[in-house]
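**Q** Fold the following and give me the result.
(2 chains)
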2 protein chains.
Amino acid sequence: MTGQGSPQTGNNLDPWYHHYAERAAGLRASEVRALFAVASRPEVVSLAGGMPFVAALPPDLVINAMGRVMREQGPTALQYGSGQGVPALREQILEVMALEGIHAHADDVVVTTGSQHALELVSKLFLDPGDVVLSEGPSYVTAMVIFKSYQAEVDHVPMDEHGLIPDALREHIAGVKAEGKTIKFLYTIPNFHNPAGVTLSWARRIEILEICRRNDILVLEDNPYGLLYFDQPAPDAMRSLEQDGVVYLGTFSKTLAPGFRVGWALAPHAIREKLVLANEAAVLSPSSFSQLVISEYLSSADWKGQINTFRGVYHERKKALLSALDEYLPELTWTNPNGGFYVWVTLPDRLDSKAMLPRAVKELVAYTPGTAFFADGDGRQNMRLSFCYPTPEHIRIGIRRLATVIRDELDLLDTFAGTGSLNPHRERSRFSSPPPDIS
Amino acid sequence: MTGQGSPQTGNNLDPWYHHYAERAAGLRASEVRALFAVASRPEVVSLAGGMPFVAALPPDLVINAMGRVMREQGPTALQYGSGQGVPALREQILEVMALEGIHAHADDVVVTTGSQHALELVSKLFLDPGDVVLSEGPSYVTAMVIFKSYQAEVDHVPMDEHGLIPDALREHIAGVKAEGKTIKFLYTIPNFHNPAGVTLSWARRIEILEICRRNDILVLEDNPYGLLYFDQPAPDAMRSLEQDGVVYLGTFSKTLAPGFRVGWALAPHAIREKLVLANEAAVLSPSSFSQLVISEYLSSADWKGQINTFRGVYHERKKALLSALDEYLPELTWTNPNGGFYVWVTLPDRLDSKAMLPRAVKELVAYTPGTAFFADGDGRQNMRLSFCYPTPEHIRIGIRRLATVIRDELDLLDTFAGTGSLNPHRERSRFSSPPPDIS
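**A** Here you go, the predicted model:
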């Protein structure tokens, strides 16, 4: 302990500055987090956040489930429960996963406080300081926050429109090993990737599992969006192909509502045992009330029909976003997701999405700069546009505003660079517009 | 990574055995956890668990609150929220804490998934491997599980009927420093201690805060039971005396219901900022739904009257437990708690509470062996008896069964030892029967 005996020492006006664990240095506010405050102002069209459109869920479906739970199982709903989760709900989770080709046993399911907490628990179980996590580049912001909070390094493996590139994965594995570092797992979002919007092809799922098996690398398959496809389902889950080497994460946050904070991990048996212990240490048990309400909802409501409703809402919004991009910003390139919440946009290379953001917010439109999704500062030429929350009309207004911001920005650059060019430079992206291969 | 390239290596039939983080070795099933399975059999009188008696909460109070939340704030309740928690609830938490003399600002409150998760987050922020946490001996089981999961050592400071002993605290601090180790915080449960049942006197609160201030040691004040006093309130919280050096943990699990998993931390400003980041990394946001239901309950229901109801229930049960001990087991000694859920019993020194447990369960009574509450194997002569959940009648039946078990055990020892004594040895305990000083 530094400064022991002199409580006034410390930096940043924090007397406990020298007392934090080393890992606490990795905890910093994400760029997305700062954006939430901005995006909450009603006059801003936010294409930044990832909030599901819960208003598409009829409240009565939830109110009825709550009433039945309280009348029929009140004391159980109000009490502590098992650290692994309610058995009936774990059985129902098997039915949800079966839609993506997964066959499993309820004993290998652990219910968590959103799938975010499953990510945290797996990271706590596996990551020592200096370990490496492989992930797509770009990758999910708050997963990387967790990995760094356990002092692990994130090594980004490139993707294309078919998802993670197997040859690149091989190269990165060899590179990390050559540095003498330990790879603890591959973190991947195969379906409707956040933020890239692309989907890993079936052939690549097989190939990547084979690469990981040969290299003794655990796969952490995060699948929040899989059931929210548009034209046709995504390929079956990687977990449908391999059970000993995959920890699969699922959630009700996108197919029902995030306010309950209920997700799950499906894990190989020995890992599952440790996950339950870690879950108990962290929260004693996940919320009995939330679990029983969801279990009742799954028993009594047309939950598959409700997922279809969500699919229709998001599909319509994606089409609105892409048609607005076509109309107002044809000089950019973007991915065309077949599900989920996100489009990944590539800007002309003279633009910096992070630097441009304050000007966009001034024009009342928000997005997430690409830099938020890389551990290494990459992504300045990209932005993530979320179509999940705003209405199609608002999406169109937002893109029109964004077009103004981008034109002004390019004009400004032209003026100062003295190039005289009035036509924005058309850039090639790793993510081109044809839809991902979802065969 | 050990065994890279050969997925079949490993121990315990777990192919990932060599992949876990070092800290995962500290995650083991607690003795209390194993007991939950036993205690759930209906024919067993369980004096083991710490489940609040939620049946004393009228279901309509909760059902009404839920209905109003869904009708008036449905989309907010179903959505992600702030990582710090719902602002209105944080204001109401100030009113709850004011009952124990705490004056604070809602900006310094972080809502967590039960106060257990606040403990986990504080530990993640502060504990490096090899750090020392000071705590009472005995101490709360699942706090120690967390500390060990971050590879910290627990150093137990002795207590007496007035709580933690200041001179012993000084000695332990000096001892740990002499070993060159770093003390990160003092973890303490000042009110109606789990498992000891004693309460820290007002004079000692002042003295212990002064010792910690001088030694630059953060105090983690865990207060789940403070409002559940019997004859008179406990002294004001330690946090009422000192704000810069105390992280205070509170919960609705005992004053309302644990099934919602809502607790909180009140922390010095800089620590609070880091706690919010850690909370976001772990769960994105605590359950909006649970928070809004509790906020509505606090606004519309007579929550102080409900706490009085709980106090009456637990007081009656404590009296039932103590009168049964007086009648059936006068040869033992025990603490006389003025609130909370637990009595700490000292057995004759020839008995081993852990070894005796299977025989007790065979006689259909369960308790928690004292060893569960020490990091170092101490506590064989003790047991924790919980009076929170069973009815007074069942408590009486349970103690009668326990008396049979203890008599049989002593007879057996006498027979094999050949001492011929038929009268069990009366032991002195550190925890004698006079009620703790709560002035």
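
**Q** give me the beta-bridge partners of the nearest residue to residue A:200 once chain neighbours are set aside?
**A** Nearest residue to residue A:200 in three dimensions, chain neighbours excluded: residue A:163, at 3.2 Å (CB to CB, 6 or more residues apart in numbering or on different chains). In short, each C-beta sits where N, CA and C put it, glycine included. Note on residue A:163: beta-bridge partners by DSSP bridges are residue A:160.

**Q** count of neighbours near residue A:163?
**A** 25 (other CB atoms under 10 Å in any protein chain shown).

**Q** before we move on, what about the one 3 residues further on?
**A** Applying the criterion other CB under 10 Å, we find 19 residues in the vicinity of residue A:166.

**Q** Which of the helices or strands spans residue A:104?
**A** Following DSSP states H and E, there is no helix or strand that holds residue A:104.

**Q** isn't it right next to residue A:268, touching?
**A** No. With contact defined as CB atoms under 8 Å, residue A:104 does not reach residue A:268; the gap is 10.4 Å.

**Q** Just the strands from the stretch 1-150 of chain A, written as ranges.
**A** Ranges of strands within the stretch 1-150 of chain A are A:45-46, A:109-112, A:132-137, based on DSSP state E, counting those that start in this stretch.

**Q** mind putting the ones you listed in a markdown table, distance to residue B:345, mean pLDDT and mean neighbour count included?
**A** Shown next, in a markdown table, are the strands of the stretch 1-150 of chain A (distance: least, CB to CB, whole Å; pLDDT from 0 to 100; neighbours: other CB atoms under 10 Å in any protein chain shown):
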| stretch | distance to residue B:345 | mean pLDDT | mean neighbour count |
| --- | --- | --- | --- |
| strand A:45-46 | 59 | 94 | 25 |
| strand A:109-112 | 35 | 98 | 28 |
| strand A:132-137 | 48 | 98 | 25 |
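
**Q** Columns distance to chain B on top of these, output as JSON lines?
**A** Listed next are the strands of the stretch 1-150 of chain A as JSON lines, based on distance: least, CB to the nearest CB, whole Å:
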{"stretch": "strand A:45-46", "distance to chain B": "13"}
{"stretch": "strand A:109-112", "distance to chain B": "9"}
{"stretch": "strand A:132-137", "distance to chain B": "10"}
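
**Q** Please identify which of those is closest to residue B:217.
**A** strand A:109-112 (33.3 Å; CB to CB).

**Q** Output the contacting helices and strands for that closest one.
**A** Packing partners of strand A:109-112 (3 or more CB pairs under 8 Å, 6 or more residues apart in numbering or on different chains; DSSP states H and E): helix A:87-98, helix A:114-126, strand A:263-266, helix A:269-283.

**Q** do you know which of the strands of the stretch 1-150 of chain A lies nearest residue B:255?
**A** strand A:109-112 (25.2 Å).

**Q** Okay, now the sheet partners of the closest one, with direction.
**A** Strand A:109-112 is paired, per DSSP bridges, with strand A:263-266 (antiparallel).

**Q** Which parts of the stretch 301-439 of chain A are strands?
**A** A:333-334, A:342-346, A:365-366, A:368-369, A:382-386.

**Q** For the third one, give the mean pLDDT please.
**A** If you average the pLDDT over strand A:365-366, you get 94.

**Q** How about stretch A:326-342?
**A** Mean per-residue pLDDT for stretch A:326-342: 97.

**Q** One more: stretch A:277-294?
**A** 97.

**Q** Can you pull the domain assignment for chain A?
**A** Structural domains assigned to chain A are A:23-52+A:305-413, A:66-301, following the TED database.

**Q** Ranked by average pLDDT, which of these falls at the bottom?
**A** domain A:23-52+A:305-413 (a mean of 92).

**Q** Figure out how far it is from the centre of its chain.
**A** 15 Å (CA atoms, centre = their mean, to the nearest Å).

**Q** ok, back up a step: mind checking which of the strands of the stretch 301-439 of chain A is nearest residue B:204?
**A** The nearest among the strands of the stretch 301-439 of chain A, by CB to CB, is strand A:368-369 at 51.8 Å.

**Q** Check whether the closest one comes near chain B.
**A** No. Figure legend: strand A:368-369 not in contact with chain B (CB under 8 Å from any CB of the partner chain); closest approach 15.0 Å.

**Q** Just name whatever secondary elements that strand is in contact with.
**A** Applying 3+ CB pairs under 8 Å, 6+ apart, we find strand A:368-369 packed against helix A:31-39, helix A:353-362, strand A:382-386.

**Q** Packed most tightly, which of the domains of chain A would that be?
**A** Comparing the domains of chain A by mean neighbour count (mean count of other CB atoms under 10 Å in any protein chain shown), domain A:66-301 ranks first with a mean of 22.

**Q** Please tell me how far it is from the chain's geometric centre.
**A** The chain centre lies 11 Å from the centre of domain A:66-301; the measure is CA atoms, centre = their mean.

**Q** what distance separates the start and the end of that domain?
**A** 12 Å (CA to CA, to the nearest Å).

**Q** ok, back up a step: wait, the residue nearest to residue A:200 sits on residue A:202?
**A** No. Here residue A:163 does not reach residue A:202: they are 10.3 Å apart, not a contact under CB under 8 Å.

**Q** Now distance to residue B:153 too, for the strands of the stretch 301-439 of chain A, in TSV please.
**A** Formatted as TSV, the strands of the stretch 301-439 of chain A follow (distance: least, CB to CB, whole Å):
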stretch	distance to residue B:153
strand A:333-334	54
strand A:342-346	45
strand A:365-366	47
strand A:368-369	42
strand A:382-386	44
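
**Q** wait, which of these is closest to residue A:417?
**A** Here strand A:342-346 is closest among the strands of the stretch 301-439 of chain A (CB to CB), at 20.4 Å.

**Q** Is any residue of that closest one near chain B?
**A** No. For a cut-off given as CB under 8 Å from any CB, strand A:342-346 has no contacts with chain B; the smallest distance is 15.7 Å.

**Q** So what touches that strand?
**A** Identification of contacts with strand A:342-346 by CB atoms under 8 Å, 6 or more residues apart in numbering or on different chains yields A:50, A:138, A:192-198, A:318, A:321-322, A:325, A:332-337, A:367, A:370, A:381-388, A:427, A:429-431.

**Q** nearest to residue B:341, of the domains of chain A?
**A** Judging the domains of chain A by CB to CB, what sits closest to residue B:341 is domain A:66-301, at 12.7 Å.

**Q** Span of stretch A:325-334 from start to end?
**A** End-to-end for stretch A:325-334, by CA to CA: 9 Å.

**Q** tell me the contacts of residue A:204?
**A** A:162-164, A:166.

**Q** same thing but at 10 Å, please
**A** Applying CB atoms under 10 Å, 6 or more residues apart in numbering or on different chains, one finds that residue A:204 lies in contact with A:159-160, A:162-166, A:169, A:190, A:211, A:235, A:238, A:437.

**Q** closest to residue A:175 among those?
**A** Using CB to CB, those come closest to residue A:175 at residue A:169, 10.6 Å.

**Q** Got the phi and psi for that closest one?
**A** Main-chain torsions, residue A:169, degrees, to the nearest 10: phi -60, psi -50.

**Q** distance of the nearest residue to residue A:140 once chain neighbours are set aside from residue A:343?
**A** Spatial nearest neighbour of residue A:140, chain neighbours left out: residue A:194 (5.0 Å); criterion: CB to CB, 6+ apart. Look at residue A:194 and residue A:343: by CB to CB, to the nearest Å, they are 11 Å apart.
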